[in-house]
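Asks: the sequence and its predicted three-dimensional model are supplied below.
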Amino acid sequence: MLDVRILREAPDRLEEGLRRRGLTIDIASLAGRERRRRDLSGQVDEFKARRNRASAEIAQLKKAGQPAEALLGEMKSAAERIRSLDEEIGGLEREIWDAFLTIPNLPHPGVPTGSDERGNREVRRFGESRLGGTARPHWEVGERLGIVDFERASKIAGARFSVFIGAGARLERALIDFMLDLHTREFGYTEVSPPLLVNRESLVGTGQLPKFEEELFKVEGGSLFLIPTAEVPVTNLHRDEILDEGSLPRAYAAYTPCFRREAGAYGRDTRGLIRQHQFDKVELVRISRPEESYNELERLVSHAEEVLKRLDLPYRVVELCTGDLGFSAAKTYDIEVWMQGQGEGGAYREISSCSNCEAFQARRASIRYRPAGKKGTEFVHTLNGSGLAVGRTVAAILENFQSEDGSVAVPKALRDYMGGMDSIRKKT
RNA sequence: GGAGAGAUGGCCGAGCUGGUUGAAGGCGCCUGACUCGAAAUCAGGUGUGGGGGCAACUCCACCGGGGGUUCGAAUCCCUCUCUCUCCGCCA
């Protein structure tokens, strides 16, 4: 959430930021309500001050055994006034608050303006396709090997689910271990294993609610939701906390399954592992001082990239334009892995998304710290990124490491995690 | 699931027969004095958010969340959430 004060201090900046995202909202009306709220709030504060003074007097009079009827009567009418003012203020506050909960973060000034993914900017590439030409899509590779089964998954659960079997399941587990080990041992992340069900407050804190409820699975008979990403429970670890400055930056790595309705994606990626209702992900979350957060973002991306480098998977890093930016993000890098089996001759597909949310989530979730030498508290900046999406990594390995004979080589970095297995072959 | 107890400042912990209690006391932390230095001791300070003011400062709100009673609520009532104890059930 943005700071409401932007309405009176920098409405132009608000309008400009939203315009770059392709949004227009009635800022003047909101600003008017904020002015009115502030005005009434000043008035009611005065009434309350008077009431507090009178209360002390009444206490004195009663103590001295003197009559206080005159004051009592006077305060009775003041109480009425206070009540009605408070009511109006409360209404205005709710309106403004509700509006702000649905206003996205403002893009960082350096983010390119654009309306959709065509406006994104490629930042760098790494690696080259090892195969070239056309290759089988991962669902074919996986099904032929008998390590991924979509048909049985849909029997068990429905469309957009998959089952890993045998070496497929082992590969998935190996990737999770490999990623967590890399991030915790080499990059200093603290491993977290959070709840997979979270309450409303947590989802409001990171920005999924109130606006994107239709994307979430809600548990029947309760008020809990399945997490769409570990970003939710992990960032909310520190909701309503004031962190020690010395403990920043904090870095967490969490492996969790993620659950998404994919409500707006009817025709897209209907085959394969790319878009599932349930998928595994190793998520990275960093919490930093505001002045450090853009350095932290570069660090975060480099950590996610390192996974792909060690797996010998080619990729590129793309900076999202304003129109492609997520709700809570001020700046986002997507990492797109090369997938040899997609389309004609391969394609880059998103495998990680690394964002700096600046104070947007921190303000919603009230995560602060005490800056040394300054009075008071300040909101931290929160960052998150996939490090990486496991299902898509499996898919990328199947497509990029497939051989003519249908087998799939195991990337070197993964072999120890696979019990020494160097390739996945069909069981005979 | 049944019965009971409780949620107060960074922590522990009073207050809960409604009226200088933003909140005693202790611990912790910060500053000063003492000391070559430290410990100990002594003195002072030490919540968050919002409004006004250049500032000193001042006003308002906040004692788990929400609502109510009252001139006035940490204190009374309702409700929700969470925690603890005992019983039952269970990975």
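Replies: Ah, there it is. As the structure is a prediction and not an experimental result, all values here were calculated from the model. Numbers count the residues shown, from 1 in each chain, chains lettered A, B, ... in the order given.
Asks: near RNA strand B, which residues of chain A show up?
Replies: Applying Cβ under 7 Å from any atom of the strand, we find that chain A lies next to RNA strand B at A:5, A:38, A:41-42, A:44-46, A:48-49, A:51-56, A:58-59, A:62, A:72, A:75-76, A:78-79, A:82, A:90, A:242, A:368, A:370, A:376-377. From N, CA and C alone the C-beta is placed, and that goes for glycine too.
Asks: element containing A:Q342?
Replies: For A:Q342, there is no enclosing helix or strand under DSSP states H and E.
Asks: can you tell me which of the residues of chain A next to RNA strand B are buried?
Replies: A:44, A:51, A:54, A:75, A:82, A:368 (16 or more other Cβ atoms under 10 Å).
Asks: ok, which pair from the residues you listed is furthest apart?
Replies: A:M75 and A:R368 (37.7 Å; Cβ to Cβ).
Asks: identify the residues contacting the residue nearest the centre of chain A.
Replies: In chain A, the residue lying closest to the centroid (Cα atoms, centre = their mean) is A:E231, at 5.1 Å. By Cβ atoms under 8 Å, 6 or more residues apart in numbering, A:E231 lies in contact with A:206, A:283, A:285, A:384.
Asks: with respect to RNA strand B, which of the residues you listed is nearest?
Replies: RNA strand B has its nearest neighbour among the contacts of A:E231 in A:T206, at 19.0 Å by Cβ to the nearest atom of the strand.
Asks: how close does the closest one get to A:D312?
Replies: 33 Å (Cβ to Cβ, to the nearest Å).
Asks: those two - which one has more neighbours?
Replies: Here A:T206 and A:D312 are compared on neighbour count by other Cβ atoms under 10 Å; more neighbours surround A:T206, at 28 against 16.
Asks: show me the contacts for that one.
Replies: Counting by Cβ under 8 Å, 6+ apart, A:T206 has contacts A:231-232, A:235-236, A:328, A:361, A:364-365.
Asks: now swap in A:A99 and tell me
Replies: A:25, A:30.
Asks: average pLDDT across the one helix or strand it maps to?
Replies: Applying DSSP H and E as the criterion places A:A99 in helix A:69-101. For helix A:69-101, mean pLDDT is 87.
Asks: list the strands paired with whatever helix or strand comes next after that helix, with their directions.
Replies: Remark: after helix A:69-101, the chain's next helix or strand is strand A:121-126, criterion DSSP H and E. Strand A:121-126 pairs in its sheet with strand A:315-319 (antiparallel), by DSSP bridges.
Asks: next structured bit after the strand it pairs with?
Replies: Counting by DSSP H and E, what follows strand A:315-319 is strand A:331-339.
Asks: strand partners of that following strand, parallel vs antiparallel please.
Replies: For strand A:331-339, pairing defined by DSSP bridges yields strand A:315-319 (antiparallel), strand A:347-356 (antiparallel).
Asks: the next helix or strand after the last one packs against which elements?
Replies: With elements assigned by DSSP H and E, the helix or strand that comes after strand A:347-356 is helix A:360-365. The criterion is 3 or more Cβ pairs under 8 Å, 6 or more residues apart in numbering; DSSP states H and E, and the helices and strands that helix A:360-365 contacts are helix A:200-206, strand A:381-389.
Asks: now mean pLDDT and distance to A:G119 too, for the ones you listed, in JSON lines please.
Replies: Below are the helices and strands packed on helix A:360-365 laid out as JSON lines (pLDDT from 0 to 100; distance: least, Cβ to Cβ, whole Å):
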{"stretch": "helix A:200-206", "mean pLDDT": "92", "distance to A:G119": "25"}
{"stretch": "strand A:381-389", "mean pLDDT": "95", "distance to A:G119": "21"}
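Asks: nearest to A:R152, of the ones you listed?
Replies: The nearest among those, by Cβ to Cβ, is strand A:381-389 at 22.4 Å.
Asks: tell me where the model's unsure across the stretch 201-350 of chain A.
Replies: Under the criterion pLDDT under 70, no range of the stretch 201-350 of chain A is flagged.
Asks: a markdown table please, covering the strands paired with strand A:331-339 and showing mean neighbour count.
Replies: What follows is these, written out as a markdown table (neighbours: other Cβ atoms under 10 Å):
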| stretch | mean neighbour count |
| --- | --- |
| strand A:315-319 | 21 |
| strand A:347-356 | 22 |
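Asks: tell me which of these sits nearest to A:G166.
Replies: strand A:347-356 (23.7 Å).
Asks: what count of nearby residues applies to the nearest residue to A:G119 once chain neighbours are set aside?
Replies: Leaving aside its sequence neighbours, A:G119 sits nearest to A:C321 (Cβ to Cβ, 6 or more residues apart in numbering; 3.3 Å). Residues lying near A:C321 (other Cβ under 10 Å) number 22.
Asks: was I right to think A:C321 contacts A:H108?
Replies: No - using Cβ atoms under 8 Å, A:C321 is not in contact with A:H108, being 11.5 Å away.
Asks: element containing the residue in chain A that RNA strand B sits nearest to?
Replies: Relative to RNA strand B, the nearest point of chain A is A:A59 (2.7 Å; Cβ to the nearest atom of the strand). Per DSSP H and E: A:A59 is located in helix A:27-63.
Asks: could you chop chain A up by domain?
Replies: Using automatic domain parsing, the domain ranges for chain A come out as A:6-101, A:117-424.
Asks: do you know the pLDDT at A:F47?
Replies: Reported pLDDT for A:F47: 91.
Asks: what residues are up against the closest residue to it other than its chain neighbours?
Replies: Among residues not flanking A:F47 along the chain, A:I82 sits closest, at 5.0 Å (Cβ to Cβ, 6+ apart). By Cβ under 8 Å, 6+ apart, the contact set of A:I82 is A:44, A:47-48, A:51.
Asks: rerun that using 10 Å as the cut-off
Replies: By Cβ atoms under 10 Å, 6 or more residues apart in numbering, the contact list for A:I82 reads A:43-45, A:47-48, A:50-51, A:75.
Asks: over to A:S423?
Replies: So A:S423 contacts A:167, A:401, A:403, A:405, A:407-410, A:415 (Cβ under 10 Å, 6+ apart).
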